[in-house]
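> need a 3D model of the following:
(one chain, ligands or ions: 1)
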Amino acid sequence: MGESLLFACKDRENYQLSSPNCKLFSFWCRFFNLFMYFCSRKAFQRPTFYISHFTFYIQSFMNYDFDRLIDRSGTGDVKHCKLQEFYGRSDLLPLWVADTEFETPPFITEALRRRLEHSLFGYTVTPEALWTAVGDWLLARHGWQVERSWLTFIPGIVKGIGLVVNCLLDPDERVIIQPPVYHPFRLVPQHNGRLVVTNPLIEERDADGALHYRMDFNGLETLARDPQNRLLILSNPHNPAGIVWEPETLRRVAAICAANDVLVISDEIHCDMTLFGHRHTPFATVSPEAAQCSITFGAPSKTFNIAGIVSSYAIVPNDSLRRRFYGWLDANEFADPHLFAPIATIAAFSPEGEEWRQQMVRYVEGNVQFVEDFCREQLPQIRPVRPEASYLVWLDCRALGLEHDALTDLFVNRARLALNDGEMFGSEGRGFMRLNVGCPRSLLQQAMEQLRAAICVK
Ligand SMILES: Cc1ncc(COP(=O)(O)O)c(C=O)c1O
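Next up is the predicted model:
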């Protein structure tokens, strides 16, 4: 055990959790750490609190292995199983659907396994520890002190948007979105019979020619003034371009929306994966009016790769809005999580989760850098927009000079890659592709080689 630890300290980068000694050590560390963590919650600021952090410190010398290729066949995952349906062929390297190819952290699987050992899965109360875990996480990670009463469970964020639309909008009221943006922001309201109006993001280039987006405040104000436009759906951070919005931007959005009685859904599902030193700002924290005019949605699902477990939460500081929305959720039992959602979330939002998260984010940064270097050196016609958050890279392919159909043909039929076609996020995404880099680097390398081969023989 001592030897393993010494080795881990000497060669942290190369160390993997694979030697039997290390696995044993890790197991005891995790067990002890978890035990102490829960003790420390009950008896806050007792010595256990410090011991817990000490063991956590030791444990942090271990690296998780994000290079490992995991065979998902037989799991029914959308990324592989829907290839034929979406792309017309199944022999593609799939880098589309926004989950990762990383193994769900072992401490989450372990927590679920412990519960599975008791094979009676009847109606179960929602543990209060869920809300302590979410509250502590938001405070520690984002400096946001939320009150217990502001929090409730929602059965997924896309479903949450549908719930808001159905509960809080009249049939003739409209939704504002700012494309290019995550397509369910448009589809969910439309499929619920609501009109969607757009305030496209504005493209800008910096001195180095790199592409950035900013919000069109004038356009937003014009739309917000129309009393039929009642809801703005904001991707904070932004999918697909990976933007971490500045506090001042969010403050202006809040001022415009609050002044015009427009409700804001701030979808913060990507907030725990800020990259390259960027910091996430929760929308509701930027001003008192932001807190009053908004519903925030969050989840551990993207960060910890547990989208299939479906565990999300809403935060509503405004009393009357909360009574109306949460009352309706309760009336329909939408706010009752299934048995496994709190277990996975509590395990994720823990000190172990924070260590895993940091390592995962570092790995993703390496992947982004890899794609940037590859494009600069070998595919200059493709210019990645550097994401400030999450594992999605917005590739500007316009310099290839291809129309939409030719571009998708290049990626799908020649390069044999399944990426998200930029137009899915609105016509503003024409000429772009969204690449999911939440995968072992070897897969990414294979994808980039396939793309280069396809472009070079074009
Ligand atoms: C911005 C954004 N919101 C929501 C979701 C999906 O959330 P859920 O699976 O909880 O519906 C995604 C998934 O890609 C996303 O990118």
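
> can you pull the contacts of the residue nearest to Glu103 when sequence neighbours are not counted?
The shortest distance from Glu103 to any non-neighbouring residue, by C-beta to C-beta, 6 or more residues apart in numbering, is to Ile70 (5.7 Å). Backbone N, C-alpha and C define where each C-beta goes, glycine included. When contacts are counted by C-beta atoms under 8 Å, 6 or more residues apart in numbering, Ile70 is found next to 101-103.

> for Arg441, same thing?
67, 366-367, 370.

> could you look up the SS state of the residue of the stretch 201-350 of the chain found nearest the ligand?
When scored by C-beta to the nearest ligand atom, the stretch 201-350 of the chain has Asn239 as its residue closest to the ligand, at 3.9 Å. Secondary structure state of Asn239, per DSSP: H, G, I helix; E, B strand; the rest coil, is coil.

> that one: neighbouring residues, count only.
26 (other C-beta atoms under 10 Å).

> what residue ranges in the stretch 351-458 of the chain score low on pLDDT?
458 (pLDDT under 70).

> correction: the stretch 51-200 of the chain
Using pLDDT under 70, the stretch 51-200 of the chain drops low at 51-62.

> tell me where it has strands.
93-94, 151-154, 174-177, 196-198 (DSSP state E, counting those that start in this stretch).

> quick one: the shortest one to chain centroid distance?
The reference is to strand 93-94. Relative to its parent chain, strand 93-94 has a centroid offset of 20 Å by C-alpha atoms, centre = their mean, to the nearest Å.

> residues from the stretch 301-450 of the chain in reach of the ligand?
301, 307, 312 (C-beta under 6 Å from any ligand atom).

> and the longest helix for this protein?
helix 351-378 (DSSP state H).

> next helix or strand past that one?
With elements assigned by DSSP states H and E, the helix or strand that comes after helix 351-378 is strand 383-385.

> could you name the helices and strands sitting against that next one?
Helices and strands touching strand 383-385, by 3 or more C-beta pairs under 8 Å, 6 or more residues apart in numbering; DSSP states H and E, are strand 211-214, helix 351-378, strand 392-396.

> mind running it again at 7 Å?
Helices and strands touching strand 383-385, as assessed by 3 or more C-beta pairs under 7 Å, 6 or more residues apart in numbering; DSSP states H and E, comprise helix 351-378, strand 392-396.

> among these, show me which one is buried the most.
Stretch with highest mean neighbour count among those: strand 392-396 (a mean of 24; mean count of other C-beta atoms under 10 Å).

> and the helix or strand that that one is followed by, what's buried?
Downstream of strand 392-396, the first helix or strand assigned by DSSP H and E is helix 404-409. For helix 404-409, burial by neighbour count (16 or more other C-beta atoms under 10 Å) applies to 407-408.

> list the residues that contact the closest residue to the residue of the stretch 201-350 of the chain closest to the ligand other than its chain neighbours.
In space, and not counting its chain neighbours, Asn239 is closest to Tyr182: 4.5 Å by C-beta to C-beta, 6+ apart. Contact partners of Tyr182, counting by C-beta atoms under 7 Å, 6 or more residues apart in numbering, are 235, 239, 425.

> circling back: export the residues of the stretch 301-450 of the chain next to the ligand to JSON lines and tack on secondary structure, neighbour count and distance to Ser294?
Listed next are those as JSON lines, based on DSSP: H, G, I helix; E, B strand; the rest coil; neighbours: other C-beta atoms under 10 Å; distance: C-beta to C-beta, whole Å:
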{"residue": "Ser301", "secondary structure": "coil", "neighbour count": "23", "distance to Ser294": "21"}
{"residue": "Ala307", "secondary structure": "helix", "neighbour count": "22", "distance to Ser294": "24"}
{"residue": "Ser312", "secondary structure": "strand", "neighbour count": "24", "distance to Ser294": "16"}
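
> okay, those in CSV with pLDDT next?
Compiled in CSV, these are given as follows (pLDDT from 0 to 100):
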residue, pLDDT
Ser301, 98
Ala307, 98
Ser312, 98
